[in-house]
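**Student:** With the sequence up front, the predicted model follows.
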Number of protein chains: 2
Amino acid sequence: MEGLLARCRALPTLSVLTACSRQLSGRTPCRSHHCGPGSGQRLLLSRIFQPQNLREDQALSLESRSGELTCKSQRLMLQVGLILPASPGCYHLLPYTVRALEKLVRLIDQEMQAVGGQKVSLPSLSPAELWRATQRWDLMGKELLRLQDRHGKEYCLGPTHEEVVTALVASQKNLSYKQLPFLLYQVTRKFRDEPRPRFGLLRGREFYMKDMYTFDSSPEAARQTYGLVCDAYCSLFSRLGLQVIKAQADVGSIGGTMSHEFQLPVEVGEDQLAVCPSCGFSANVETLDSSQTNCPVCQGPLTETRGIEVGHTFYLGTKYSSIFRAQFTNAEGKPCLAEMGCYGLGVSRILAAAIEVLATEDSVRWPGLLAPYQVCLIPPKKGSKEAAATELTERLYDHIAEAVPQLHGELVLDDRTHLTIGSRLKDADKLGYPFVVVAGKRALEEPACFEVWCQNTGEQLFLTREGVLDLLTPVQVV
Amino acid sequence: MEGLLARCRALPTLSVLTACSRQLSGRTPCRSHHCGPGSGQRLLLSRIFQPQNLREDQALSLESRSGELTCKSQRLMLQVGLILPASPGCYHLLPYTVRALEKLVRLIDQEMQAVGGQKVSLPSLSPAELWRATQRWDLMGKELLRLQDRHGKEYCLGPTHEEVVTALVASQKNLSYKQLPFLLYQVTRKFRDEPRPRFGLLRGREFYMKDMYTFDSSPEAARQTYGLVCDAYCSLFSRLGLQVIKAQADVGSIGGTMSHEFQLPVEVGEDQLAVCPSCGFSANVETLDSSQTNCPVCQGPLTETRGIEVGHTFYLGTKYSSIFRAQFTNAEGKPCLAEMGCYGLGVSRILAAAIEVLATEDSVRWPGLLAPYQVCLIPPKKGSKEAAATELTERLYDHIAEAVPQLHGELVLDDRTHLTIGSRLKDADKLGYPFVVVAGKRALEEPACFEVWCQNTGEQLFLTREGVLDLLTPVQVV
């Protein structure tokens, strides 16, 4: 074997390189789903793996599954081909959804890093011994998905990572108070064996979650960190245009001494909240006495509402750091336990919850920043009187891509020109592109006039090419 | 309950919004790991969760673990705090590694989307019945990590997704040949219960993989797609500066009729390759007769080398589409089975393999595009003669961030000024920042002159502020 290795080292670098490049097939990389006669780099709707295109007749059968509990976001996301069921509580995320999810993750990264968050990636396979140390191996019961490896060693699939991250920080033996706080977070798949997975991405068994764990040198510092992360959550939801209630919450099996839920008020929500309209106090009713009907802050009357929990924060104190001995050295040179917090965002859940709140009964609507594509262009039907405007639409596509750089990659051309404008407009409405640009009758005017549907505001405009560019230039993309 | 919902709807929008904003803590978001007296938005090394900073005395103990099989990349990645062991074959990826990984994923996205790839996200929980349909539930034996949910339903944790994606495409009943090819890919964690996980991220049990599955309307079209994806792989490795061998390979348990491995030649590699230096032919020796010593193409003598498999491509034909009936309608209106290919890239493995190839015995080196941070700036030691140049270094940091926009977020200031320049330079060398800028003795000259270490080329330069900006302006960041 040593001989082979010697021969390997002797191999001239250049010939190794050519081993790959010589075998290049010589084909020009035709960007297949962009390609079509003369279409250059345009993204063509007909080539997207987007089941609404694929099986217009099937949406109905998905919708009418016998008596299955469903909700608006689940129904719409199935209908328009955003998700497909894989197994109970598990969904395939299709291309549009992955784009929305990646945009949401970029927003979350911005907000977490703005308060000092550092991104890590912890394994999903979580050793049983860590969970036994906190007794959650038993406490979590059937919600933990458990397995054994080939050697019989036990694991669970992490639904949350307090144990793991605390043990990780505890393994660092020379932490100084000067280095704290640490705010460690990840955006990964989590697993939870829900007794009744339902409502699509709202309550699944495998889902994306952002979980952050913070380590501070004192209770005061930890409370400051707690406030900063809560503010970052408020900032995130405000950028998404989602009106979230920050409600006093129960600490549940996570533990700790203070907790808040970030709740999107919506009928299908599973949590019941008490809200004080006058002072803004909000609480999960679990945290209140059943007899309490007045606000504990201002004594005003409480109203009730239902919400979807999209975020949850916990001030943990030393609950976990004391078990795993996650310590630092204080200014006096003495070892102290880190004061911890943990902070979750239901990433895939936020997508569905946003649709639940923003969509109409028939049509998906997105927070502007999360729309998978910002603009859909609809050229005339093949063979129609306006067919001459087809090229005009394609040129408009190219103009937008050139003149509005942030929209490069955010444009879709609905090239299914065997369909009428009306039926494609209906599809575009269902999918919820923020802007739909139609080359209708007035596209043949001089100068050409496009019909623009601003789907998030409901406006319909008639604009020249320059007007379209002016409208789109300020659009924000993350 | 209906009453509560009515009350919810009646709640004025504004008061819901304020529920969150009113509770803003009023703190200015002090970006904690950027903060320090007067440091503005600079990223300070002392605040990064980067175990080299945390426990300089421990690297040795990690290194000298009793007799454990290791390799250069594993040793270095542990030493400098890129990874920490979680359980056998599972690692925590720490902040620097996550940054490198995300850059690699962006590169992969570019290359896959350039050939028409569409990104999806398929669950890790993979139902047993799909794997039974292809008999891989039994064939994969102990490499599959298996579990049951609370209802006793069986799953494995997907090590690969041929079954799942083929069933997904098969569920689309009205596919037309006009819509093909589909190139569906994801970058997700995969699981494989390795009998002997080893070499850090090179052979783990939980790892990141890019897997793409293609669906074509004819064998010719599928072979063209196969060529395009192989070219995209070559393009990726060429952008990384990694000299990869594309070798004829065995189809193994995946199946199909044609397969290639993309191999990085390196001693620690577990695959044995036969390479023809004259014509570029390469093959995994598994695919050759043991008696074969001459190249089957040009009859020249074959040399042998060892490699790390970083990519693998398979032309599958209809092996999976026939089982799951993944069909489309051809031009004659008849149903036909899709011709499939599958294409893997070991994402976390590529990171370790690149370090294995590029690093020295003592110091990590990165492909330029993957370096977690491009530039490390080292101000003088506190109390030294040059201490006056501290502010100069900080101003240089700000100048670079402003004048070279792509490097915004790519700069680290090594503020551990209690350490000598020499020891911080040694750390920077170990971590492999492509550029290290030191404010040494000549920083007090007029104009100030910085010492710049270009770690990937080994050059040492003395440059003024303008010289530093000129050097860094062309640096590419993904």
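**Tutor:** Looks like it came in fine.
**Student:** what about A:S321, helix or strand, and which?
**Tutor:** Per DSSP states H and E, A:S321 falls inside helix A:319-324.
**Student:** any idea which helix or strand comes after that helix?
**Tutor:** strand A:327-329.
**Student:** Quick one: mean pLDDT for that next one?
**Tutor:** Computed over strand A:327-329, the mean pLDDT rounds to 97.
**Student:** again, but for stretch A:290-298
**Tutor:** 88.
**Student:** same deal with stretch A:128-138?
**Tutor:** In the prediction, stretch A:128-138 has an average pLDDT of 98.
**Student:** Ends of that stretch, what's the gap?
**Tutor:** One end of stretch A:128-138 sits 10 Å from the other (CA to CA, to the nearest Å).
**Student:** Who are the packing partners of the helix holding A:S321?
**Tutor:** helix A:162-170, strand A:339-346 (3 or more CB pairs under 8 Å, 6 or more residues apart in numbering or on different chains; DSSP states H and E). All C-beta atoms are positioned from the backbone trio N, CA, C, and that covers glycine.
**Student:** Strands along the stretch 351-478 of chain A, start to end?
**Tutor:** Counting by DSSP state E, counting those that start in this stretch, the stretch 351-478 of chain A has strands at residues A:375-378, A:411-413, A:435-438, A:450-454, A:459-463.
**Student:** which residue packs closest to A:R99, ignoring adjacent ones?
**Tutor:** Once flanking residues are discounted, A:R99 sits nearest to A:P372: 4.0 Å by CB to CB, 6 or more residues apart in numbering or on different chains.
**Student:** Show the contacting residues for that neighbour.
**Tutor:** A:95-97, A:99-100, A:103, A:366 (CB atoms under 8 Å, 6 or more residues apart in numbering or on different chains).
**Student:** State the distance from it to chain B.
**Tutor:** Separation of A:P372 from chain B (CB to the nearest CB, to the nearest Å) stands at 11 Å.
**Student:** hmm, back to that, which members of the contacts of A:P372 define the maximum pairwise distance?
**Tutor:** A:P95 and A:W366 (14.6 Å; CB to CB).
**Student:** And the two? Which one has more around it.
**Tutor:** Between A:P95 and A:W366, A:W366 has the larger neighbour count (other CB atoms under 10 Å in any protein chain shown), namely 26 against 20.
**Student:** Correct me if wrong: the more buried one contacts A:V357.
**Tutor:** No. A:W366 is beyond contact range of A:V357, at 10.8 Å (criterion: CB atoms under 8 Å).
**Student:** so for the biggest strand by length in chain A, what's the average pLDDT?
**Tutor:** Determined from DSSP state E, the single longest strand within chain A is strand A:303-317. What strand A:303-317 shows for mean pLDDT is 96.
**Student:** What strands line up against that strand, and which way round?
**Tutor:** strand A:258-265 (antiparallel), strand A:271-275 (antiparallel), strand A:339-346 (antiparallel) (DSSP bridges).
**Student:** quick revisit: so for the helix holding A:S321, what gets flagged as buried?
**Tutor:** Neighbour-count burial for helix A:319-324 flags A:319-321, A:323-324 (criterion: 16 or more other CB atoms under 10 Å in any protein chain shown).
**Student:** ok, A:V452 touching A:Q460?
**Tutor:** Yes. Assessed by CB under 8 Å, A:V452 is found in contact with A:Q460 at 7.2 Å.
**Student:** Counting neighbours, go ahead and name the busier of the two.
**Tutor:** Legend: neighbour count by other CB under 10 Å for A:V452 and A:Q460, higher for A:V452 (19 against 12).
**Student:** List the buried residues in stretch A:360-373.
**Tutor:** Buried residues in stretch A:360-373 (16+ other CB under 10 Å): A:363-373.
**Student:** nearest to chain B, of those residues?
**Tutor:** Among those, A:P372 lies closest to chain B (CB to the nearest CB), at 11.0 Å.
**Student:** phi, psi of that closest one?
**Tutor:** The phi/psi pair for A:P372 (degrees, to the nearest 10) reads phi -60, psi -40.
**Student:** Against A:S176, how distant is it?
**Tutor:** Distance, A:P372 to A:S176, by CB to CB, to the nearest Å: 45 Å.
**Student:** just to revisit the earlier point, as a markdown table, the strands of the stretch 351-478 of chain A with distance to chain B would be great.
**Tutor:** Compiled in a markdown table, the strands of the stretch 351-478 of chain A are given as follows (distance: least, CB to the nearest CB, whole Å):
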| stretch | distance to chain B |
| --- | --- |
| strand A:375-378 | 17 |
| strand A:411-413 | 12 |
| strand A:435-438 | 22 |
| strand A:450-454 | 20 |
| strand A:459-463 | 20 |
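**Student:** pLDDT weak spots in chain A?
**Tutor:** Within chain A, the stretches with pLDDT under 70 are A:1-40, A:53-69.
**Student:** Let me see the domain layout of it.
**Tutor:** Using automatic domain parsing, the domain ranges for chain A come out as A:97-357, A:373-472.
**Student:** what's A:S73 in contact with, if anything?
**Tutor:** Contacts of A:S73 (CB under 8 Å, 6+ apart): A:199-202, A:352-353, A:355-356, A:359.
**Student:** Tell me which entries of those residues lie within helices.
**Tutor:** A:352-353, A:355-356 (DSSP state H).
**Student:** Which ones among those residues also lie next to chain B?
**Tutor:** Cross-checking the ones in helices among the contacts of A:S73 against chain B (CB under 8 Å from any CB of the partner chain) gives no overlapping residues.
**Student:** Check these and tell me the two furthest apart.
**Tutor:** A:A353 and A:I355 (7.3 Å).
**Student:** For the stretch 351-478 of chain A, give the residue positioned nearest to chain B.
**Tutor:** A:G409 (8.9 Å).
**Student:** and if you look at the stretch 251-400 of chain A?
**Tutor:** A:T305 (3.6 Å).
**Student:** quick one: which of the contacts of A:S73 is most hemmed in?
**Tutor:** Busiest of the contacts of A:S73 [other CB under 10 Å] is A:A352, holding 30 neighbours.
**Student:** show me what contacts the spatially closest residue to that one that is not a sequence neighbour?
**Tutor:** Of all residues not flanking A:A352 in the chain, A:L201 sits nearest, at 3.8 Å (CB to CB, 6+ apart). For A:L201, the contact set (CB under 8 Å, 6+ apart) comprises A:73-74, A:77, A:83, A:91, A:207, A:348-349, A:351-352.
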